[in-house]
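Student: Here's a sequence, model it:
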Amino acid sequence: MSEFIHLPLKQLTDQQVRFAPPARRREQVGRAEKLHSEIEPARRYPYPFVSFRITDFRSDAHADLLIPGDELKHDLLLFIKLLERSLPALPIEQSVEPMLTAEQIGKQFNVSTKTVSRWRVRGLVGQRVIIKGRRQLAFPKSVVEQFLATNQKQVERSGRFSHLSDDEKEDILRRARRLCRSGGCLTEISKRIARKLGRSVETIRYTIKNFDRTHPDKAIFADATGPLDGADKEMIVNSYQNRKGVPVQTLAKRYNRTRNSVYRVVNESRAEQLVNQPVDYIYHESFDDPDMEAEILTPMPGEENFQEAHRGMKPPRDVPAELASLYEWPLLTREQEQHQFRLMNFLKHKLSKLKESIHPATVRASELRKIEELLSRINFVKARLINCNMRLVASIAKKHAHAAESLFELISDGNLSLMRAVEKFNYSFGNKFSTYGSWAIIKNFARSIPDEKHHRERYITGHEDLFEAKAETRTDEGEIMAQVEQARNRISRLLEGLDPRTRDVIRMRNGLEGTSPLTLEQIGQHFGITKERVRQINVRGMKLLRDKAREQETVELM
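Tutor: Have a look, this model is predicted:
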């Protein structure tokens, strides 16, 4: 069931999933379900007939193709499943006909939910719905009745196989109670009992769960029948995501849950972080035009020449080492800029649409991977735009350096303005980014430099700054060593007021751990971040330390 037998049906499916609106796809699922019920395995069906029955459009493509009935039923099921998965889930109250969950069908026909899942391969087609805030599979009543009429013998056989006598049920429950006292989750205990009694794992599991559901006061796995509280969920996520990473199997045993339950908790937390993060972008009407997607996603004009220039970039000889990284990227042409800004905002548009279609509590791992893939592509394009324009920041910062204490602080501050400008630039106006970026950086300097100057003038204490003190030549070596030790202790106390990562960055960058100072790139590799981000953390952290030092000196003078 994983691959189409006939390529035209696969192409038809891909076309509808990509381009047909949700309402149209939902209608086509119903048409395909109806056609599937009418197919006779022994007959052959022309492809144009199949296409018309599904899409209501007469096509001349593959006019000579005759599809055997059994193969057509196989491909139709794949068509229905793929279209159904692409549809956003609707609240069950909005369904046009009564819907039955897998549990309700299992109870009606005396089978397990696993058996109901296997029936989907035989043509029991479901739809994604939202029940009490959770997304799950449900089956239209008419589809269930039609499946029963077509597969009556199979349904009856499954019901007889799953049926247990009262004595057998009591035996299963007695064994489950005994094993539960020794520890273990429902799935593990079900497997052990199944091996012992020669029954399927799902039959044992269903028997225990059904007992717990109908007898909550006597439930064997009482803790596993209710939802996990917030504290337990947080502990599971933290244990799974920490550096050592507690194995899922261990967490399942610890909290008396299944592995799937643990994965759901982890994915839900991961989804909340990804889905709830707002997406800020510049919308353009071309983003909703399917014919424009291929053009937007094409490689950047002159991509090969750009990469070749990037590999050959070298900083000028007179450039300080701290600014050498600004010359690692070539400048972008107007056409290349337009392409990259359009691509970045288009990817954000796709990300926003994807987030709107999912709910953190019912998100699938495949949907999380799509979100992370889009975020990765967005960050790649954004990083390229930032890197190619960082020389703009340096050129503007040099003109303002006379009014501030440090050129490098200005560059770091200007880089933040550059990042915000990349996010806010509207490429559709046709302007060059350097115009907008320069305005944003200069505007920020006009605000931040006077503020910094005012702060310095207000808190002058007559003492040299702790982090820029000149060497004292009027004291002997013992006094110097005592002053150094005193300064080191004072710095250590000030560092304790910073967050752990900022504290570690400053210590590594300045060699405060008794080792040689590390480069921005080395620190970035340690934390898994860019060297520009390390530079920003270091500059901001040093500014906080200076402010704290001035505040302490002011208090001492009082």
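Student: going forward, measure contacts between C-alpha atoms and count neighbours the same way
Tutor: Fine.
Student: which one's the longest strand in this protein?
Tutor: Longest strand in the chain by number of residues, with DSSP state E as the criterion: strand 134-140.
Student: Just the C-alpha atoms of it, please, in PDB.
Tutor: In PDB, the C-alpha atoms belonging to strand 134-140 read as follows (Å, rounded to 0.1, in the frame of the first residue of the first chain):
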ATOM      1  CA  ARG A 134      -7.600  16.500  20.000                       C
ATOM      2  CA  ARG A 135      -7.100  15.500  16.400                       C
ATOM      3  CA  GLN A 136      -7.900  11.900  15.700                       C
ATOM      4  CA  LEU A 137      -9.300   9.500  13.000                       C
ATOM      5  CA  ALA A 138     -13.000   9.000  12.600                       C
ATOM      6  CA  PHE A 139     -15.100   7.100  10.000                       C
ATOM      7  CA  PRO A 140     -18.400   8.300   8.400                       C
END
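Student: how distant is it from the center of its chain?
Tutor: Here strand 134-140 is found 24 Å from its chain centre; the criterion is CA atoms, centre = their mean, to the nearest Å.
Student: Specify the next element, helix or strand, located C-terminal of that strand.
Tutor: For strand 134-140, the succeeding helix or strand toward the C-terminus, using DSSP states H and E, is helix 141-150.
Student: how about that next one: buried residues?
Tutor: Of the residues in helix 141-150, those buried by neighbour count under the rule 16 or more other CA atoms under 10 Å are 143-144, 147-148.
Student: Same check on stretch 127-146?
Tutor: By neighbour count on 16+ other CA under 10 Å, the buried set for stretch 127-146 is 127-131, 135-140, 143-144.
Student: Now flag whichever of those residues is closest to residue 39.
Tutor: For residue 39, the nearest member of the buried residues of stretch 127-146 is residue 143. The distance, counting by CA to CA, is 15.0 Å.
Student: pretty sure the closest one is in contact with residue 124, am I right?
Tutor: Yes. In this structure, residue 143 is within contact of residue 124 by CA atoms under 8 Å, at 6.8 Å.
Student: ok so, going back, quick check, nearest of the buried residues of helix 141-150 to residue 298?
Tutor: Lowest distance from residue 298 to those (CA to CA) belongs to residue 143, with 43.2 Å.
Student: ok, that closest one to residue 37 distance?
Tutor: Taking CA to CA, to the nearest Å as the criterion, residue 143 is separated from residue 37 by 9 Å.
Student: ok, now residue 98?
Tutor: When CA to CA is the yardstick, residue 98 and residue 37 sit 19 Å from each other.
Student: do the same with residue 21
Tutor: With the distance defined as CA to CA, residue 21 ends up 25 Å from residue 37.
Student: So the two - more neighbours on which side?
Tutor: The neighbour count for residue 21 versus residue 37, taken as other CA atoms under 10 Å, is higher for residue 37 (14 against 11).
Student: Which neighbouring elements make contact with the strand or helix carrying that one?
Tutor: For residue 37, the enclosing helix or strand under DSSP H and E is helix 22-38. Secondary-structure packing of helix 22-38 (3 or more CA pairs under 8 Å, 6 or more residues apart in numbering; DSSP states H and E): helix 47-55, helix 69-86.
Student: before we move on, the earlier item: mind giving me the packing neighbours of the longest strand of the chain?
Tutor: For strand 134-140, the elements it packs on are strand 99-101, helix 102-109, strand 127-131, judged by 3+ CA pairs under 8 Å, 6+ apart.
Student: nearest to residue 312, of these?
Tutor: For those, distance to residue 312 was read as CA to CA. The smallest value, 52.9 Å, belongs to strand 127-131.
Student: what stretches of the stretch 51-200 of the chain score poorly on pLDDT?
Tutor: Segments of the stretch 51-200 of the chain classed as low confidence (criterion: pLDDT under 70) are 120-123, 156-163, 183-184.
Student: swap in the stretch 451-558 of the chain?
Tutor: Using pLDDT under 70, the flagged stretches of the stretch 451-558 of the chain are 451-490, 513-516, 552-558.
Student: if we can go back for a sec, what's next to the helix holding residue 37, contact-wise?
Tutor: Applying CA atoms under 8 Å, 6 or more residues apart in numbering, the contact partners of helix 22-38 are 16-17, 53-55, 73, 76-77, 79-80, 83-84, 87-88, 123, 125, 146.
Student: Leaving out sequence neighbours, find the closest residue to residue 338.
Tutor: By the measure of CA to CA, 6 or more residues apart in numbering, the closest residue to residue 338 outside its immediate chain neighbours is residue 427, 6.0 Å from it.
Student: Tell me how many other residues crowd that neighbour.
Tutor: Residues near residue 427, counting by other CA under 10 Å, number 19.
Student: what separates it from residue 124, distance-wise?
Tutor: Applying CA to CA, one obtains 49 Å for the distance of residue 427 from residue 124.
Student: Only the buried residues of stretch 87-97, if you could.
Tutor: Neighbour-count burial for stretch 87-97, with 16+ other CA under 10 Å as criterion, is recorded at 87-89, 92.
Student: nope, stretch 102-110 is what I meant
Tutor: In stretch 102-110, the ones that count as buried by 16+ other CA under 10 Å are 102, 104-106, 109-110.
Student: contacting residues around residue 414?
Tutor: 393, 397, 441, 444-445.
Student: Include distance to residue 32, pLDDT and neighbour count when you put those residues into a markdown table, please.
Tutor: Compiled in a markdown table, those are given as follows (distance: CA to CA, whole Å; pLDDT from 0 to 100; neighbours: other CA atoms under 10 Å):
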| residue | distance to residue 32 | pLDDT | neighbour count |
| --- | --- | --- | --- |
| 393 | 58 | 89 | 24 |
| 397 | 64 | 86 | 24 |
| 441 | 58 | 88 | 23 |
| 444 | 59 | 81 | 16 |
| 445 | 63 | 81 | 21 |
